[in-house]
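Colleague: Fold the following and give me the result.
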Amino acid sequence: MELERKIGVYLRRIQGEHGGWPLYHGGAFDISATVKAYFALKMIGDDTGAAHMVRAREAILARGGAAATNVFTRFQLALYGAGPWSAIPTMPVEIILLPRWFPIHLSKMSYWARTVIVPLLVLQVKKPVARNARGIRVDELYRTAVKARAKSQAARKSAVWTAFFNGLDVVLKAVDPLWPKRLRQRALDRCIQFVTERLNGEDGLGAIYPAMANSVMMFDVLGYAEDHPHRVLARRSVERLLVVKDEEAYCQPCMSPVWDTSLVCHALMEAGGEVAEAGVKRGLEWLKPLQVLDVRGDWADERPNVRPGGWAFQYNNAHYPDTDDTAVVAMAMDRARQRLDAGPGYDEAIDRAVEWTWGMQCKNGGWGAFDAENAYYYLNNIPFADHGALLDPPTVDVSARCVSLLAQVGVGADDPRMKSALAYLEQDQEADGSWFGRWGVNYIYGTWSALCALNAASVDPEAPVMRKAVDWLLKIQNADGGWGESCDSYALDYKGYEPAASRASQTAWALLGLMAAGENAHEAVARGVRWLQQTQDASGIWPEADYTGGGFPRVFYLRYHGYAKFFPLWALARHRNLKLSNEPRVAWGM
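Modeller: Prediction:
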């Protein structure tokens, strides 16, 4: 099959020198990624005696074999009869019937976990074996004397909770055959209802690959015909994520058009000029009808009295808008109506976005991305949560974006809710002056985000919270003038910044952060600007193969292909504009 051949070309190309596959460009060996890549290549016909397969196998066995993979990898192996179902923590499908007050409930998990897990519950009950005509297995990856278990990537682990949930897993495995059939069928029906309600057209369940792929398998296992509308939509949503080139192919985890378009609008408004401004107006007109005004998504479980008003990350994901995209889109619209003669056409959209954003603020003053008050940290101890991404608690980068929006539209620092938000940002600052970046790599991203918010809220640039952040950015600047940071900075045992090669997107974030703190005239900013000018290629953009986007820290990272294009443009244009202006302060939330 031609598609399989192209995927094989891609997988072989990105194999690391360590023999395995990393989670990001140039990264360290990852056992789960390597087992999946090895299995995929064997499935499409690669000889296990080939050099690249031998290297991968030896590297896998040296690190404990397939038994050391994470839960989702073991699940995939079990689906192909290549691993035991007993190695997978039990999640009874009946949990979908539990009341909201119960300690383990789907509403207490993040949106992405929720959409991934629900169809997975059906698969775990049915325990199907995928059609595998050639009977490909990977028994050779289990032949090791090393006894290894997957290492949990979850933060805030508790030995007591872990022991409790591990014991509960033993009990659940024992009683699994004893569940009443009628109750089980009710639970299966509820799962089907959940998935079909959120199928999201060709954009798929949750508009993210794992949930979409699981929904395809769920419909298959339940006996839906290949031409059944639900199964057709689910399959089509996965196919839309494929990137097929002349010689290789790969599958994207999701699409990010709303996020990218809104950020480009900011960069173009900073750059200015008739062509740029015309592009901004087109971009905002495309974004405007994508605001979710009529669907009360899962977020409404926690905030039932809040009206919808957010934007989602993807082309369509109406059940799951997020505060980050909403803030960035609304800020762009607000800037456009002030400076581009856009008229009152964006007023209602901005008002609804602000209303929804306020409604999603958490008790501690911060904001999560998709849900409010989604910080049930004890759930990080369940065996199924070894990826460490079960929750959606408030984070500084998202909270900063919300503060930036609210301040930009005129909410003053004396507003009690704004005071609470600013206190959250200050309290979450690291001892070295930086802030953690949940959705971008990493402390440079978080620090840029927080400095933008503090500036928008009119915090004095000489305030300690600002000075500490500026000092940290100055301290970590590379000798060449740029800034860089590795995905390794998400390590659970992080001990402080470690130098990394300069990257265009991260250099732009550092510059934008320093300028937000009133440091446009600083020599470090001039050096950073020179680095960007010198590394721009002949086509006008900046090459960047590194991953600077966050998915799930320590488990999954993203490469946004636009980051190295529009963020440097944004930073250079802002530097120029501040130099030409008599006002040294950045006037916008971003």
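Colleague: buried sites along stretch 90-101?
Modeller: Counting neighbours by 16 or more other C-beta atoms under 10 Å, one finds that the buried residues in stretch 90-101 are 90, 91, 92, 93, 94, 95, 96. C-beta coordinates here come from the backbone N, C-alpha and C atoms, glycine included.
Colleague: Do I have it right that residue 28 meets residue 19?
Modeller: No. Taking contacts as C-beta atoms under 8 Å, residue 28 lies outside contact range of residue 19: 11.6 Å.
Colleague: For those two, indicate the residue with more neighbours.
Modeller: Set residue 28 next to residue 19 and count neighbours by other C-beta atoms under 10 Å: residue 19 wins out with 18 against 13.
Colleague: mind checking how far residue 432 is from residue 559?
Modeller: Distance, residue 432 to residue 559, by C-beta to C-beta, to the nearest Å: 27 Å.
Colleague: in what helix or strand does the nearest residue to residue 541 once chain neighbours are set aside lie?
Modeller: With C-beta to C-beta, 6 or more residues apart in numbering as the criterion, residue 541 has its nearest non-adjacent residue at 4.8 Å, and that residue is residue 565. For residue 565, the element it lies in under DSSP states H and E is helix 563-580.
Colleague: Tell me how far that helix lies from the chain's centre.
Modeller: In this view, helix 563-580 has its centroid 25 Å away from the chain centroid, taken as C-alpha atoms, centre = their mean, to the nearest Å.
Colleague: Run through who's touching it.
Modeller: By C-beta atoms under 8 Å, 6 or more residues apart in numbering, the list of residues contacting helix 563-580 from outside reads 263-264, 266-267, 270-272, 503-505, 507-509, 511-512, 515, 520, 525, 528-529, 532-533, 536, 541-544, 548-549, 584, 586.
Colleague: Just the buried residues of those residues.
Modeller: Members of these that pass the buried threshold by neighbour count (16+ other C-beta under 10 Å) are listed as 263-264, 266-267, 270-271, 503-505, 507-509, 511-512, 515, 520, 525, 528-529, 532, 536, 542, 544, 548-549, 586.
Colleague: the bottom helix or strand of this structure by mean pLDDT?
Modeller: Counting by mean pLDDT, DSSP states H and E, the weakest-scoring helix or strand in the chain turns out to be helix 159-175, with a mean of 67.
Colleague: hey, C-alpha coordinates of the strand or helix carrying residue 447 in CSV?
Modeller: For residue 447, the element it lies in under DSSP H and E is helix 443-456. The C-alpha coordinates for helix 443-456 follow below in CSV (Å, rounded to 0.1, in the frame of the first residue of the first chain):
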residue,chain,number,x,y,z
TYR,A,443,9.7,28.8,31.1
ILE,A,444,10.5,31.3,28.3
TYR,A,445,7.0,30.9,27.1
GLY,A,446,5.4,31.2,30.5
THR,A,447,7.6,34.2,31.4
TRP,A,448,6.7,36.0,28.1
SER,A,449,3.0,35.3,28.8
ALA,A,450,3.1,36.6,32.4
LEU,A,451,5.0,39.7,31.5
CYS,A,452,2.5,40.6,28.8
ALA,A,453,-0.3,40.3,31.4
LEU,A,454,1.4,42.3,34.1
ASN,A,455,2.1,45.1,31.6
ALA,A,456,-1.4,45.1,30.4
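Colleague: and that helix with helix 563-580, angle?
Modeller: Helix 443-456 and helix 563-580 meet at an angle of 40 degrees, taking axes from the mean of the first three to the mean of the last three C-alpha atoms, to 10 degrees as the criterion.
Colleague: Which neighbouring elements make contact with the next helix or strand after helix 443-456?
Modeller: Note on helix 443-456: by DSSP H and E, the next helix or strand toward the C-terminus is helix 464-475. Packed against helix 464-475, as judged by 3 or more C-beta pairs under 8 Å, 6 or more residues apart in numbering; DSSP states H and E, are the following elements: helix 443-456, helix 504-516.
Colleague: 10 Å instead, please
Modeller: helix 416-427, helix 443-456, helix 504-516, helix 523-535 (3 or more C-beta pairs under 10 Å, 6 or more residues apart in numbering; DSSP states H and E).
Colleague: Flag every buried residue along that helix.
Modeller: Using 16+ other C-beta under 10 Å as the test for burial, helix 464-475 gives 465, 466, 468, 469, 470, 472, 473, 474.
Colleague: quick one: residue 46 is in a helix?
Modeller: No. Assessed by DSSP: H, G, I helix; E, B strand; the rest coil, residue 46 does not belong to a helix; its assignment is coil.
Colleague: if I look at the residue nearest to it when sequence neighbours are not counted, how far off is residue 108?
Modeller: Nearest residue to residue 46, sequence neighbours excluded (C-beta to C-beta, 6+ apart): residue 53, at 5.7 Å. Taking C-beta to C-beta as the criterion, residue 53 is separated from residue 108 by 42 Å.
Colleague: now residue 287
Modeller: In this structure, residue 287 and residue 108 are separated by 31 Å, where distance is defined by C-beta to C-beta.
Colleague: likewise residue 532?
Modeller: Distance of residue 532 to residue 108, computed by C-beta to C-beta: 44 Å.
Colleague: residues touching residue 308, list them.
Modeller: Taking C-beta atoms under 10 Å, 6 or more residues apart in numbering as the contact definition, residue 308 lies against 291-297, 299-300, 318, 321, 352, 355-356, 359.
Colleague: Ok, residue 18 next?
Modeller: Contacts for residue 18 were tallied using C-beta under 10 Å, 6+ apart; they are 27, 28, 29, 30, 34, 55, 56, 59.
Colleague: Need the phi and psi values for the residue nearest to the second one when sequence neighbours are not counted.
Modeller: Leaving aside its chain neighbours, residue 28 sits nearest to residue 22 (6.0 Å; criterion: C-beta to C-beta, 6+ apart). Main-chain torsions, residue 22, degrees, to the nearest 10: phi -90, psi 170.
Colleague: ok, now residue 133?
Modeller: For residue 133, the backbone dihedrals are phi -50, psi -30 (criterion: degrees, to the nearest 10).
Colleague: any idea how far it lies from residue 36?
Modeller: 20 Å.
Colleague: who's more crowded, the two?
Modeller: Neighbours were tallied for residue 133 and for residue 36 using other C-beta under 10 Å; the higher tally belongs to residue 36 (19 against 5).
Colleague: can you tell me the helix or strand for that one?
Modeller: Assigned by DSSP H and E, residue 36 falls within helix 31-43.
Colleague: what about the helices in the stretch 301-450 of the chain?
Modeller: Here the stretch 301-450 of the chain has its helices, by DSSP state H, counting those that start in this stretch, at 323-339, 347-359, 396-408, 416-427, 443-456.
Colleague: Pipe the ones you listed into CSV and attach mean neighbour count and distance to residue 10 per row.
Modeller: Putting these into CSV (neighbours: other C-beta atoms under 10 Å; distance: least, C-beta to C-beta, whole Å) gives the following:
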stretch, mean neighbour count, distance to residue 10
helix 323-339, 25, 29
helix 347-359, 19, 39
helix 396-408, 27, 31
helix 416-427, 17, 41
helix 443-456, 29, 28
